[in-house]
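Enquirer: Return atomic coordinates for the entry below.
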Amino acid sequence: MVARNYQEVDANILYPRVDMAGEKSGITGMEFPILNYLMFLCDEAFGFTHWYGRLINLIFSTLGVWFFFLIVRRFFDAKIALYAMLLLSCSLWFLFSRKSMPDTFAVSLLLGALWMAVMFLSERNRFVLKDAAWLALFVLLLLAGLLSKIPAGAVIAPIVLLLFIRNVPLWRKLLMVALFMVCLIPVYWWYYIWSPRLTADFGFTHFFMGNDMAFGLKSIVQNPAGLARQFYFISMRVTGFVAFLVGLFFMIKSGNRRLIWVVVLSFLAFSVVIIMGGNTFIRHSYYMIPVVSGYRLNSFS
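Expert: Residues are numbered from 1 along each chain as shown. Next up is the predicted model:
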């Protein structure tokens, strides 16, 4: 409906509209509508139909799985990367990669950003045109991913580990960190300034911006069974969760520090999403998308 309203009412991307606001305009705060706008562009070119969003998301989600494979292969090995990729493809990821929703779309963009960061930090020579390309793609994918779905940012947490790669010039690391921080500015503006302003000015609340941390934590503590169900059943079913636990055991036993840090950083980042979501996190399965990729890697480690 947001894409259709761009076509029928106003194509200004800064003013997304929904259809449930009664006599009001329907303009409201929400995720930055990149996926919706891509659908609108397809509508403009080929006429309106509902499945454009599904196809666009499926294309980007497939690329996301490929980026996931490339990252795992780079730091572990091809066999682990292949098994992890196949398991990811058959998980909750498959369900949401064919929906007109920005969850796997955003995570895929961020996996792409992570891969671009890896490629930039892999270079040892002076700054050349190829470096500019890696950085431009890093900024584009990072910004688009965070704007599309801010909880998806949990998947980018292991980027911290790239800063500890030896033999990488300090200036490369500092440049990447600086660009990362710059990307946070428009994300903050959209979610914490502009989106609340749209909600206030046009009088319709549609988008969930998260709970107070204390309230969210209280909600989680009061429903531990619901939280556990998100992990052992919703995201990967029981067999997938058992595979994850077995992988976790062998990860700790082998002392694989690289993988341990990936899991720890991802878990800490995702804990913020869980606490801010509270009961809303427990009720919606799509919140588990960012963490599923980490589980799939660990299950076959």
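Enquirer: any idea where the helices of the stretch 101-250 of the chain begin and end?
Expert: With helices called from DSSP state H, counting those that start in this stretch, the stretch 101-250 of the chain shows them at 103-122, 129-148, 159-162, 170-189, 195-202, 213-222, 224-229, 237-254.
Enquirer: Could you point out which of these sits nearest Met39?
Expert: helix 103-122 (11.2 Å; CB to CB). The way it works is simple: take the backbone N, C-alpha and C, and place the C-beta from them, glycine included.
Enquirer: how about the closest one: buried residues?
Expert: 103-121 (16 or more other CB atoms under 10 Å).
Enquirer: swap in stretch 56-76?
Expert: Here stretch 56-76 shows 56-58, 60-61, 64-65, 67-73, 75-76 as buried, counting by 16+ other CB under 10 Å.
Enquirer: Could you find which two of those residues are furthest from each other?
Expert: Pairwise over the buried residues of stretch 56-76, using CB to CB, the maximum falls at Ile56 and Phe76, 30.4 Å.
Enquirer: Show me the buried residues of stretch 56-76 that map onto helices.
Expert: 56-58, 60-61, 64-65, 67-73, 75 (DSSP state H).
Enquirer: Identify the residues contacting Leu227.
Expert: Neighbour list for Leu227: Ile220, Ile274, Phe281, Ile282 [criterion: CB atoms under 8 Å, 6 or more residues apart in numbering].
Enquirer: mind listing which of the residues you listed are in helices?
Expert: Filtering those for helices - DSSP H - leaves Ile220, Ile274, Phe281, Ile282.
Enquirer: Could you identify which of those residues has the most neighbours?
Expert: Phe281 (26 neighbours; other CB atoms under 10 Å).
Enquirer: For that residue, which non-adjacent residue is spatially closest?
Expert: Leaving aside its chain neighbours, Phe281 sits nearest to Tyr287 (4.9 Å; criterion: CB to CB, 6 or more residues apart in numbering).
Enquirer: Isn't Ser61 up against Ser108?
Expert: Yes. At 5.3 Å, Ser61 counts as touching Ser108 under the criterion of CB atoms under 8 Å.
Enquirer: how about low-confidence regions in the protein?
Expert: Across the chain, the ranges flagged by pLDDT under 70 are 235-236, 293-301.
Enquirer: quick one: contacts of stretch 124-144?
Expert: 34, 106, 109-110, 112-113, 116-117, 119-120, 123, 156, 167-169, 175-176, 179-180, 182-183, 186-187.
Enquirer: just stretch 20-33 next, same as before
Expert: 2-3, 5, 13, 15-19, 102, 147-150, 190, 194-199, 201-207, 209.
Enquirer: Endpoints of that stretch, how far apart?
Expert: The separation between the terminal residues of stretch 20-33, taken as CA to CA, to the nearest Å, is 17 Å.
Enquirer: Stretch 147-162 too?
Expert: Stretch 147-162: ends 23 Å apart by CA to CA.
Enquirer: which parts of it are buried?
Expert: 147-159, 162.
Enquirer: can you check stretch 16-33 too?
Expert: Within stretch 16-33, judged by 16+ other CB under 10 Å, the buried ones are 16-18, 21, 25-33.
Enquirer: What distance do you get for the residue lying closest to Ile156 once chain neighbours are set aside to Pro151?
Expert: Leaving aside its chain neighbours, Ile156 sits nearest to Leu110 (4.9 Å; criterion: CB to CB, 6+ apart). Distance, Leu110 to Pro151, using CB to CB, to the nearest Å: 11 Å.
Enquirer: okay, how far is it across stretch 189-197, tip to tip?
Expert: With CA to CA as the measure, stretch 189-197 spans 10 Å from end to end.
Enquirer: can you give me how far that stretch is from the chain middle?
Expert: Centroid separation between stretch 189-197 and its chain, computed with CA atoms, centre = their mean, to the nearest Å, is 19 Å.
Enquirer: Mind listing residues that contact that stretch?
Expert: With CB under 8 Å, 6+ apart as the criterion, stretch 189-197 contacts Leu14, Gly29, Met30, Phe32, Leu147, Ile150, Phe207, Met209.
Enquirer: same question, stretch 170-185
Expert: 117, 120-121, 123, 135, 138-139, 142-143, 146, 159, 162-163.
Enquirer: repeat that with 7 Å
Expert: Ala117, Phe120, Leu121, Leu135, Phe138, Val139, Leu142, Leu143, Leu146, Leu163 (CB atoms under 7 Å, 6 or more residues apart in numbering).
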